[in-house]
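Engineer: The following comprises the amino acid sequence and a computationally predicted model.
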Amino acid sequence: MTLTLELEKQKERTPVVVQTVFLGVGLAVLVLAPLFFYPVFLMKLLCFALFACAFNLLLGYTGLLSFGHAAFFGGAAYFTAHTVKEWGLPPELGILAGVVGAAFLGAIIGFFAIRRQGIYFAMITLALAQMFYFFCLQAEFTRGEDGIQSVPRGHLFGVIDLSQSTNMYYFVLAVFVIGIIIIWRIINSPFGMILKSIRENETRAISLGYSVRNYKLAAFVMSATLTGLAGGLKALVFQFATLTDVGWQMSGEVILMTLLGGIGTLIGPLFGAALVVTLQNYLATSEFPVTIITGVVFMVCVLLFRRGIVGEFYNSRLGRKLGFEHRHSH
Amino acid sequence: MTLAMPQENGAPRIVLSARGLRRDFGGFTAVKDVDLDVHHARVHALIGPNGAGKTTVFNLLTKFLQPTHGTITLLGEDITNMAPDKVARKGLVRSFQISAVFPHLSVLDNVRVALQRPNRLAIQFWKPLSALDALNVKADQLIRSVGLEKERNAVAADLSYGRKRVLEIATTLALDPKVLLLDEPMAGMGHEDVGMVAEIIREVARERAVLMVEHNLSVVETLCDHVTVLQRGEILAEGDYATVANNPLVRTAYMGTEEA
């Protein structure tokens, strides 16, 4: 027991320093990155990283595997694209429209899905997301197969010209950081504690008087809302919204990113997203089909790194020494 | 809850009662026409051989299972069709046969999770975790009352089986329940833990009703004021320990444990 207490004390001291250093280095890399990489690639990466982190709020911290998150991502992209292009909203309000729309969709899909567990939950989210896909295919405002093209990026707060990719990059980075801070706060809050306890032992949580359904629904809507933030942002980055973003493959991709990076870790999905997006970009010009590579990477990950990249690092000797703890043991 | 508590005057009042409780699983009747009255400030034991339906009765009373027939009343309110989490909020809290703790949380966090809802600190997603430090005084009190202070910061999964049970009792008490349902609270415990838990239950029952499933008959004898014997889902006998122990039907059902 004394050993545990000793370790506990050590854990309390080191991680603050180490994590601050890691955080600082990470931020510096992101701030300086456009000097070395193509900004659109970086922006794509950040959008998907935020998407994966928002998804992980549900999978890693609530234990719910949604197979329909593309509806929120792609839905928000449509809402933002439409309101900016057709209604002439400024970018910040356009993104807000996407976020609100995604929250609304999340409330509807979540309301039905949380009534079931495990694979049934996943199937209901998939089914409802597919319904939304067909809605997008048929609806007037989405322009079907064409998608909403040439969406203007506009001026942020009427001042900053986002058509310049450096400006756009730092805007995306700021939104990304805010999104991550929100997720971090939700996870490390009294509410997050209850989510964790529901994931650990749902029956016990019920017997302690927690209405588990309401908590799951709240987490679902929060995840959908933040996914909407990523989707809206993506529509402005690429200046279009298409059916690809609402398709089931997108839901699968985000699961892949999250598992690769490490579920139940805050920044794991960021690395997962980086890996997948980089692979896609590298292989986009070659003849070789991307899905084969990502599939192989996924198999290797499942066989060798069950905890994902970041999860394995946290759990490695070095990671433990640095005071990262990884309690999630799925 | 606006229900006015009836004053204590002589006769112990009934806080939880079931009438004609029945549960069918397909063609099998696990619980059949059970009438049960649980009194304030009493320890009530539910005993019976394996498969008698004790845990099913617990699941029915706490609404984790819906009864096929019958009614359940808690503090004068019909809870027959209430959801289990709402029943818990009304003051009927249970423990489980298999220890129910949050394995990857520390002992302190386990108790704090139980305290969060009654202290209105369960939905704040915008507040830092340190907001929960406000619960530490109460949590430490509970931890001390069950003798877990040395393990306060240990992860629940690392505790011995007996200590997990004790922790579960602490989290149950954190809700300050009116009625406590304990499913085999002493199963698998070491000798000294049994004595301590018995003491805790005795203490708790001074202001609450306790209904417990227990196999250890010497514990039942010393701790419980009232005993209900179940067999094949039906009530076989009822009364204080001496009455029940001398009942020939019970002796037959408990063949081999007649010395009890």
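Structural biologist: Perfect, thanks for sending it. A quick note: this is a predicted structure, and the numbers were derived from the prediction, not measured. Residues are numbered from 1 along each chain as shown, chains lettered A, B, ... in the order given.
Engineer: List the contacts of the spatially closest residue to B:R206 that is not a sequence neighbour.
Structural biologist: Excluding its sequence neighbours, the residue lying closest to B:R206 (CB to CB, 6 or more residues apart in numbering or on different chains) is B:A41, at 6.2 Å. C-beta coordinates here come from the backbone N, C-alpha and C atoms, glycine included. Contacts were defined as CB atoms under 8 Å, 6 or more residues apart in numbering or on different chains; by that measure B:A41 touches B:P12, B:A205, B:R206, B:E207, B:R208, B:A209.
Engineer: Quick check: end-to-end length of stretch B:210-222?
Structural biologist: 14 Å (CA to CA, to the nearest Å).
Engineer: what's in contact with that stretch?
Structural biologist: Stretch B:210-222 is contacted from outside by B:16, B:38, B:42-47, B:54-55, B:58, B:61, B:97, B:179-187, B:194, B:198, B:201, B:204, B:224, B:227, B:241, B:245, B:257, B:260, using CB under 8 Å, 6+ apart.
Engineer: buried residues in it?
Structural biologist: Buried residues in stretch B:210-222, defined by neighbour count with 16 or more other CB atoms under 10 Å in any protein chain shown: B:V210, B:L211, B:M212, B:V213, B:E214, B:N216, B:L217, B:V219, B:V220, B:E221.
Engineer: Export these to TSV and append columns for distance to A:V246 and pLDDT.
Structural biologist: Converted to TSV, the buried residues of stretch B:210-222 look like this (distance: CB to CB, whole Å; pLDDT from 0 to 100):
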residue	distance to A:V246	pLDDT
B:V210	55	93
B:L211	53	93
B:M212	54	92
B:V213	52	91
B:E214	57	87
B:N216	60	84
B:L217	64	85
B:V219	61	86
B:V220	62	89
B:E221	67	88
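Engineer: Restricted to strands, list the contacts of stretch B:210-222.
Structural biologist: B:16, B:38, B:43-47, B:179-183, B:227 (DSSP state E).
Engineer: With respect to chain A, which of these is nearest?
Structural biologist: B:L181 (9.4 Å; CB to the nearest CB).
Engineer: re the thing from before, tell me which of the buried residues of stretch B:210-222 fall in strands.
Structural biologist: B:V210, B:L211, B:M212, B:V213.
Engineer: Farthest pair within the residues you listed?
Structural biologist: The largest separation in those, counting by CB to CB, is between B:V210 and B:V213 at 11.1 Å.
Engineer: Read off the pLDDT value for residue 202.
Structural biologist: You didn't say which chain, so I picked chain A. Among the per-residue scores, A:E202 holds a pLDDT of 91.
Engineer: not what I meant, chain B
Structural biologist: So, for B:R202, pLDDT stands at 89.
Engineer: Quick one: residues contacting it.
Structural biologist: Counting by CB under 8 Å, 6+ apart, B:R202 touches B:V43, B:L223.
Engineer: again, only using 7 Å
Structural biologist: The neighbourhood of B:R202, defined by CB atoms under 7 Å, 6 or more residues apart in numbering or on different chains, consists of B:L223.
Engineer: Repeat that for B:I201.
Structural biologist: Counting by CB under 7 Å, 6+ apart, B:I201 touches B:V43, B:P185, B:V210, B:L223.
Engineer: just for chain A, where's the confidence low?
Structural biologist: Filtered on pLDDT under 70, chain A yields the residue ranges A:1-15, A:323-330.
Engineer: what residues does it put near chain B?
Structural biologist: Within reach of chain B by CB under 7 Å from any CB of the partner chain, chain A has these residues: A:1, A:4-5, A:8, A:185-186, A:188-194, A:197, A:200-201, A:203-204, A:206-212, A:327.
Engineer: Now a ChimeraX select for only the buried ones of these.
Structural biologist: The ChimeraX selection below is limited to those of the residues of chain A next to chain B classed as buried (16+ other CB under 10 Å):
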select /A:185,186,188,189,190,191,192,193,194,197,200,201,204,206,207,208,209,210,211,212
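Engineer: how close does B:P84 sit to B:D109?
Structural biologist: 23 Å (CB to CB, to the nearest Å).
Engineer: Give the burial count for residue 54, as a bare number.
Structural biologist: Defaulting to chain A. 30 (other CB atoms under 10 Å in any protein chain shown).
Engineer: wait, chain B
Structural biologist: Neighbourhood size, B:K54 [other CB under 10 Å]: 26.
Engineer: need the helices for the stretch 151-260 of chain B, in chain order.
Structural biologist: Secondary structure of the stretch 151-260 of chain B (DSSP state H, counting those that start in this stretch): helices at B:161-174, B:191-204, B:217-223, B:241-245, B:248-253.
Engineer: out of these, deepest packed?
Structural biologist: Comparing those by mean neighbour count (mean count of other CB atoms under 10 Å in any protein chain shown), helix B:161-174 ranks first with a mean of 23.
Engineer: so how far is that helix from its chain's centroid?
Structural biologist: Mean-position distance between helix B:161-174 and its chain equals 11 Å (CA atoms, centre = their mean, to the nearest Å).
Engineer: Now that helix: average pLDDT?
Structural biologist: For helix B:161-174, the per-residue pLDDT averages 88.
Engineer: and that helix with strand B:179-183, angle?
Structural biologist: 160 degrees (axes from the mean of the first three to the mean of the last three CA atoms, to 10 degrees).
Engineer: where in chain B is pLDDT low?
Structural biologist: B:1-12, B:99, B:255-260.
Engineer: Turn the buried residues of stretch B:210-222 into TSV, columns for distance to A:T285.
Structural biologist: Shown next, in TSV, are these (distance: CB to CB, whole Å):
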residue	distance to A:T285
B:V210	72
B:L211	71
B:M212	70
B:V213	68
B:E214	72
B:N216	73
B:L217	78
B:V219	75
B:V220	77
B:E221	82
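Engineer: closest to chain A among the contacts of B:I201?
Structural biologist: Distances from chain A to these, taken by CB to the nearest CB, are shortest for B:P185, at 14.2 Å.
Engineer: Next, give phi and psi for the closest one.
Structural biologist: The phi and psi values for B:P185, taken as degrees, to the nearest 10, are phi -60, psi -20.
Engineer: show me the contacts for it.
Structural biologist: Per CB under 7 Å, 6+ apart, neighbours of B:P185: B:S95, B:R165, B:I169, B:V197, B:I201, B:M212.
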